[in-house]
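Student: structure, please.
(one chain, ligands or ions: 1)
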Amino acid sequence: MKAKDIHKVTIIGAGFVGSTTAYTLMLSGLFSELVLIDVNETKARGEAMDLNHGIPFAKPIKIYQGTYADSKGSDLVIITAGANQREGETRMDLVHKNTSVFRDIIRQLLKYIHSGDTLLLVVTNPVDVLTYVTWKLSGFPAGHVLGSGTVLDTARFRYLIGEHVGVDTRNIHGYILGEHGDSELPAWSLTSIAGMPIDVYCRISGECRDDRTRDELFNHVKNAAYEIIKAKGATYFAVALAVQRISEAIMRDENSILTVSSVLKGQYGLNDLAISVPTIVGREGIKRVIEAPVSEKEMNLLRKSADTLKNIIKELKL
Ligand code: NAD
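Tutor: Next up, the predicted model:
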């Protein structure tokens, strides 16, 4: 195989999210080489062994536990390392712990990867703040640093609407915008089914109930991680599929519209923070941040969510 045909991904953090992501990527066939890096080398080695034994049932791929030097030549580096939310903790509670983990990770990575060759995808929480931290510390162009943002929340939103109206989730279009966390918001004004605004679909189908149901549905989206963590300690299956979806949009240059988090440059009047809005994602990373005409109420909520993130960023003194 010629070197240029190798598609390589490095996953930093081989915990619940990192190892499940390795599993979804192994099945995806998107990569020919996958490196797992973790401070707990034994854990990463064990995960690599376990994954390797499944290769005869998947597609050929080289998976191994590595050091930062092994990240050289990666098309994509996915960061899932750091502390996760404990029961009762918000994503923002993790900010100081995980920012110092990121200082170390980015410093080590920069010895081996370069802007222009590699895209960075942040998954660790609080993901928007850490996407901004990664952009700042790496010096990469803004379009080359992505956060998984509200891609997962948007999937939860579409799933719950689909369940509510009895329609395949793939036919539900809609987005969760803002912080991946407590200040996120549903963009009902952009939500459609069968090409119709959701209000029109509800009128003709008679399937939807009142506004209270909408609020309940959104609260389920917003609180999903808390509920899952209470029940099983961590969330990882759906987020790993969300990361696979983002990786696919990148590696296959799909120009897919996803609510990844990225550093905004004046879109929606917002600057100098990373936040999720509908964004075109392809091989070069962020191709375009779409400025959708959201309602005034939604715009106010988006500004509030941005203020929450900016206040945290200010505290970090990067
Ligand atoms: P985990 O504790 O299972 O795994 C974290 C791993 O990071 C551990 O294996 C640990 O050894 C490793 N690690 C810690 N410091 C490191 C360092 N300096 N260098 C390399 N590795 C290091 O946690 P998890 O459940 O996998 O969650 C990981 C992160 O993903 C958390 O921040 C969690 O909140 C986040 N998460 C994000 C989303 C999302 O939608 N963005 C969804 C779920 C979880």
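
Student: so who does the residue nearest to residue 172 when sequence neighbours are not counted touch?
Tutor: Spatial nearest neighbour of residue 172, excluding adjacent residues (CB to CB, 6 or more residues apart in numbering): residue 158 at 4.5 Å. For glycine as for every other residue, the C-beta is placed from the backbone atoms N, C-alpha and C. Counting by CB atoms under 8 Å, 6 or more residues apart in numbering, residue 158 touches 169, 172-174.

Student: just the buried ones from these, in ChimeraX syntax?
Tutor: Buried residues among the contacts of residue 158 (16 or more other CB atoms under 10 Å), as a ChimeraX selection:
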select :172,173,174
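
Student: quick one: which of the contacts of residue 158 sit in strands?
Tutor: Among these, the residues falling in strands (DSSP state E) are 172-173.

Student: reformat the contacts of residue 158 as a markdown table; add distance to residue 68 and pLDDT.
Tutor: Shown next, in a markdown table, are the contacts of residue 158 (distance: CB to CB, whole Å; pLDDT from 0 to 100):
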| residue | distance to residue 68 | pLDDT |
| --- | --- | --- |
| 169 | 39 | 96 |
| 172 | 41 | 97 |
| 173 | 40 | 97 |
| 174 | 39 | 97 |
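
Student: and the chain, which residues reach the ligand?
Tutor: Proximity of the chain to the ligand, by CB under 6 Å from any ligand atom, involves residues 12-18, 38-40, 43, 80-82, 84-85, 94, 101, 104-105, 123-125, 127, 148, 152, 180, 234-236, 239.

Student: change it to 5 Å
Tutor: Proximity of the chain to the ligand (CB under 5 Å from any ligand atom) is limited to residues 13, 15-17, 38-40, 80-82, 84-85, 101, 123-125, 127, 148, 152, 234-235, 239.

Student: so for the helix or strand the residue nearest to residue 172 falls within, what gets flagged as buried?
Tutor: Using DSSP states H and E, residue 158 sits within helix 151-165. The neighbour-count check on helix 151-165 (16+ other CB under 10 Å) flags 151-162, 164-165 as buried.

Student: show me the helices in the stretch 51-200 of the chain, by range?
Tutor: Taking DSSP state H, counting those that start in this stretch as the test, the helices found in the stretch 51-200 of the chain are 95-109, 127-138, 151-165, 198-205.
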